[in-house]
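Asker: give the three-dimensional model of this entry:
(chains A and B)
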Amino acid sequence: MTGWRSRLGQLTDLATVGALGTLGYLALVVAPPDAVQGDAQRLMYLHVPVAWLAYLSFGVTALASLLYLVPATRSLRWDLLAGASAEIGVVFTGLTILLGSIWARPVWGVWWTWDARLVTTAVLFFLFLGYLALRQVPAAPHVRARRAAVAGLVAVTDVPVVHLSVIWWRTLHQQPTVLNPELNPQIHGVMATTLLWGVVAFTLLYVTLLRHRYRLAGLEEQREELLLHQAVLERRGIAADPLVPVLSDAQSLPDTQTLSEAQR
Amino acid sequence: MTDPGFVVAGYTITALVITAYAASLRARMRRADPTRSLRNRDG
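Answerer: So this is what the prediction gives:
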């Protein structure tokens, strides 16, 4: 990684931590308690941004999947990006459900109910969990990428269903506060500022996590290629070069350049 | 549990999930880092 990229990355990491800390202060100290729900409403400043992050993750997965499927832009980098983003999306969809459940208990009196918004969100969680499982099925990189891209595009169709579920069906869950059909936000003042700050902070968190997760995906891909290469060499009866460590030990792998240099 | 109790639980769980996920990324990155073996080999 070049110097300026590394510095920009560190800056993003720091900005994310700062933004999340500020959100905590705004949400727990500055914002007033809600007139109806009291302090329990403070969970909104997490629940909504976390859900936004999940939507954003799956949106990026869909876009990267599409870019992979279009022949002109086909590259395994899009596949890695799609997979990295989907994993973040699954973590934050799970957290959305968990936070929703914690908020529902004092407000609705139940931890869970078979409400359209809750059920469609749970379906979204399991769809992308399946997507991640599909990515683990052994296959050639482009076969895996094509399968995953199609599955990702199918799974993402649930995102608008989740968002519109509270409009399409009668639900216990409240209507959209900001992105409602009239585009007339039903939140004002410090509460609106805090919610907006939450969305900014969690968008920064997404960028930070995706940067690290994408890099990890590249390293894992490299490791898989090396393992395959080693297996082919062994099959052909070619002794492994002493420079190449035992590849079954995932913790001691050379980089691609070293391997190719060693074989020359 | 009172309302503030639910709020504290929600914020704590969120902080824990984010920290745990970031830590897992760091650990997986360390395991997959190919330059690590070179550093180990070179002592």
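Asker: count of residues packed around A:Ala15?
Answerer: 16 (other Cβ atoms under 10 Å in any protein chain shown). (Glycine included, C-beta is placed from N, CA and C.)
Asker: chain center to whichever strand or helix holds A:Leu63, what's the gap?
Answerer: Element membership of A:Leu63 [criterion: DSSP states H and E] is helix A:44-69. Relative to its parent chain, helix A:44-69 has a centroid offset of 6 Å by Cα atoms, centre = their mean, to the nearest Å.
Asker: so which bits of that helix are buried?
Answerer: A:44-58, A:60-69 (16 or more other Cβ atoms under 10 Å in any protein chain shown).
Asker: distance-wise, check A:Leu216 relative to A:Gln222.
Answerer: 11 Å (Cβ to Cβ, to the nearest Å).
Asker: quick one: which of the two has more around it?
Answerer: Set A:Leu216 next to A:Gln222 and count neighbours by other Cβ under 10 Å: A:Leu216 wins out with 22 against 18.
Asker: B:Arg30 is in contact with the more buried one, correct?
Answerer: No - assessed by Cβ atoms under 8 Å, A:Leu216 is found out of contact with B:Arg30, at 9.9 Å.
Asker: just to revisit the earlier point, check whether the helix holding A:Leu63 contacts chain B.
Answerer: Yes - for helix A:44-69, a contact with chain B is found by Cβ under 8 Å from any Cβ of the partner chain, at A:Leu46, A:His47, A:Val50.
Asker: what pLDDT is listed against A:Leu23?
Answerer: pLDDT recorded at A:Leu23 is 97.
Asker: scratch that, A:Gln263 is what I was asking about
Answerer: 41.
Asker: longest helix anywhere in chain B?
Answerer: helix B:3-32 (DSSP state H).
Asker: quick check, that one touching chain A?
Answerer: Yes - using Cβ under 8 Å from any Cβ, helix B:3-32 comes into contact with chain A via B:3-4, B:6-7, B:9-11, B:13-14, B:17-18, B:21-22, B:25-26, B:28-29, B:31-32.
Asker: thinking again about what came up before, and which of the residues of helix A:44-69 next to chain B is nearest chain B?
Answerer: The shortest gap between chain B and any of these belongs to A:Leu46, at 5.3 Å (Cβ to the nearest Cβ).
Asker: pretty sure the closest one contacts A:Leu195?
Answerer: No - between A:Leu46 and A:Leu195 there is no contact under Cβ under 8 Å: 10.1 Å.
Asker: joint contacts of A:Leu216 and A:Gln222?
Answerer: B:Ala32 (Cβ atoms under 8 Å, 6 or more residues apart in numbering or on different chains).
Asker: show me what the longest helix of chain B packs onto, helices and strands only.
Answerer: With contacts defined as 3 or more Cβ pairs under 8 Å, 6 or more residues apart in numbering or on different chains; DSSP states H and E, the packing partners of helix B:3-32 are helix A:44-69, helix A:76-108, helix A:189-235.
Asker: angle of that helix against helix A:44-69?
Answerer: With axes from the mean of the first three to the mean of the last three Cα atoms, to 10 degrees defining the directions, helix B:3-32 sits at 30 degrees from helix A:44-69.
Asker: and the pLDDT for residue 4?
Answerer: Answering for chain A, as no chain was given. 86.
Asker: um, chain B though
Answerer: pLDDT at B:Pro4 comes out at 88.
Asker: over to A:Leu219?
Answerer: For A:Leu219, pLDDT reads 92.
Asker: what about it, how many neighbours?
Answerer: 19.
Asker: ok, A:Leu219 to B:Arg30 distance?
Answerer: 10 Å.
Asker: for residue 9, which non-adjacent residue is closest in space?
Answerer: Here I'm looking at chain A. A:Arg211 (6.1 Å; Cβ to Cβ, 6 or more residues apart in numbering or on different chains).
Asker: wrong one, I was asking about chain B
Answerer: A:Ile102 (5.7 Å).
Asker: and that neighbour, what is it in contact with?
Answerer: A:Leu43, B:Phe6, B:Ala9, B:Gly10, B:Ile13.
Asker: just checking, the second one touches A:Pro106?
Answerer: Read that as B:Phe6. Yes - counting by Cβ under 8 Å, B:Phe6 does reach A:Pro106; the two are 5.1 Å apart.
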